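Colleague: what's the 3D shape of this:
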Amino acid sequence: MGGNTGNSGNTGNTGNTGNTGNAGNIGDPGGDWAFANRVNYPLVDDPNVDDSPLAPTDKGYPDRDWGAYWFAWRVLTEFVTTLWPDMTKPSGPNEITMKDPTTFNTQLEIAALVLLARLERPDALGEILAQKDEFVSYFMGLLNASPHSHPNTHRVLYSASQIALFAAMHFKGLYKRQRPAQLCPPLLPPFEAPGHASYPSGHATQARLMANCVGLVLDGAVSAAVSGGLSGANAAIMETNLKALAARIARNREIAGFHYKSDSEQGAKLADDIFTQLSADLVAVNPKMQRLKDAVKQATLEWNPQP
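Modeller: Numbers count the residues shown, from 1 in each chain. So this is what the prediction gives:
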């Protein structure tokens, strides 16, 4: 019976975990470079070095030094203390309405997920793993942008991601929908499901709001464009592709067996509802989301670079 140990060769599949390397791309400049220092002769002991501290600036830690990921947390503090309460009123123009997931045909949705697992999961597995923990990098790649060339666009993406995730968690806790694999274990997702409820899909909400917010940036860039700037036609193509990427990211979570189709659909709807309120606030004279408004304004300039 010891011959069965030959199956241990399948552990080679663990190499696929390398795809989760994208999780490190959180836009934090403190998470990239690392420097070796000699144990017995550190740089501070070099006789040519002046180790006198520099005088601190009057303004303290510069706003420009905030990494996109951490900047997004500052935006979220504005969202939760100002805009969010207005958006969750029981009635009125700011109401966000989500369907009760018990009204969906869960059995039919699971049958559809079984089919996706059979037909599409092997081909989609690379993307599923790469998008497991973050997908801002996918949007930046599609935009042919980098945190260095478009730092404020990077900030807008992370801000949208954090806002969307916060909102999705609120409704996950409210509706407590079980994950598909909890009801159909043979779906066997390729890695452990996150420790929270299924509905709505956080990935779907985040990706759609990210696409919407960058679309706002691109529209602003077109409006402000001078000769040689971003054209309306190019912006329209880019916005179409951003929304297609958002839908693809959401669907990959269905293929993986983590979410029902209705999770994705309602996540996208939630993102659109949030965006309606955000975009209205960002054009106000005294916006509640001032940090995000400033980031959007600066991001528009990145798409019309000056010589």
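Colleague: Quick one: residues contacting the residue most central in space within the chain.
Modeller: The chain has residue 161 as the residue nearest its centroid, 3.9 Å off, counting by Cα atoms, centre = their mean. Contacts of residue 161 were listed using Cβ atoms under 8 Å, 6 or more residues apart in numbering, and they are 72, 136, 206, 209-210. In short, each C-beta sits where N, CA and C put it, glycine included.
Colleague: Quick one: buried ones out of these?
Modeller: 72, 136, 206, 209-210 (16 or more other Cβ atoms under 10 Å).
Colleague: for the lowest-mean-pLDDT helix or strand in the chain, which positions count as buried?
Modeller: For the chain, counting by mean pLDDT, DSSP states H and E, helix 84-87 ranks last in confidence among helices and strands (a mean of 84). Across helix 84-87, burial judged by 16+ other Cβ under 10 Å covers 84, 87.
Colleague: Which secondary structure elements does that helix sit against?
Modeller: For helix 84-87, the elements it packs on are helix 261-282, judged by 3 or more Cβ pairs under 8 Å, 6 or more residues apart in numbering; DSSP states H and E.
Colleague: Off-centre distance for the helix it packs on?
Modeller: Put simply, helix 261-282 sits 14 Å off its chain's centre (Cα atoms, centre = their mean, to the nearest Å).
Colleague: ok, then the element right after it?
Modeller: Reading on from helix 261-282 to the C-terminus, the next helix or strand found by DSSP states H and E is helix 290-302.
Colleague: taking the contacts of residue 161 one by one, which sit in helices?
Modeller: 72, 136, 206, 209-210 (DSSP state H).
Colleague: hmm, back to that, got TSV for the buried ones among the contacts of residue 161, with distance to residue 85 and pLDDT too?
Modeller: What follows is the buried ones among the contacts of residue 161, written out as TSV (distance: Cβ to Cβ, whole Å; pLDDT from 0 to 100):
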residue	distance to residue 85	pLDDT
72	20	96
136	27	97
206	21	98
209	19	98
210	23	98
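Colleague: which of those residues lies closest to residue 99?
Modeller: The closest of those to residue 99 turns out to be residue 209 (Cβ to Cβ; 18.6 Å).
Colleague: thinking again about what came up before, pull out the C-alpha coordinates of the least confident helix or strand of the chain and format them as CSV.
Modeller: What follows is helix 84-87 as a C-alpha-only set of coordinates in CSV (Å, rounded to 0.1, in the frame of the first residue of the first chain):
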residue,chain,number,x,y,z
TRP,A,84,-22.5,56.4,4.5
PRO,A,85,-25.2,57.3,7.0
ASP,A,86,-27.1,59.3,4.4
MET,A,87,-26.9,56.4,2.0
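Colleague: 49 is where my numbering starts, stick with that
Modeller: Noted, 49 is the first residue going forward, which turns the last one into helix 132-135.
Colleague: next structured bit after it?
Modeller: Scanning forward in sequence from helix 132-135 by DSSP H and E, the next helix or strand is helix 154-167.
Colleague: If you count neighbours, what's buried in that following helix?
Modeller: Using 16+ other Cβ under 10 Å as the test for burial, helix 154-167 gives 154, 157-158, 161, 164-165.
Colleague: now stretch 334-341
Modeller: 335-337, 339-341.
Colleague: Could I get the CA-only coordinates of it as PDB?
Modeller: Once non-C-alpha atoms are left out, stretch 334-341 reads as follows in PDB (Å, rounded to 0.1, in the frame of the first residue of the first chain):
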ATOM      1  CA  ASN A 334     -18.400  71.700  -0.100                       C
ATOM      2  CA  PRO A 335     -18.100  67.900  -0.700                       C
ATOM      3  CA  LYS A 336     -18.200  65.400   2.200                       C
ATOM      4  CA  MET A 337     -15.600  63.400   0.400                       C
ATOM      5  CA  GLN A 338     -13.000  66.100   0.000                       C
ATOM      6  CA  ARG A 339      -9.900  63.800  -0.100                       C
ATOM      7  CA  LEU A 340     -11.500  61.700  -2.800                       C
ATOM      8  CA  LYS A 341     -12.500  64.800  -4.800                       C
END
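Colleague: what about residue 242, distance to residue 299?
Modeller: According to Cβ to Cβ, to the nearest Å, residue 242 stands 17 Å off from residue 299.
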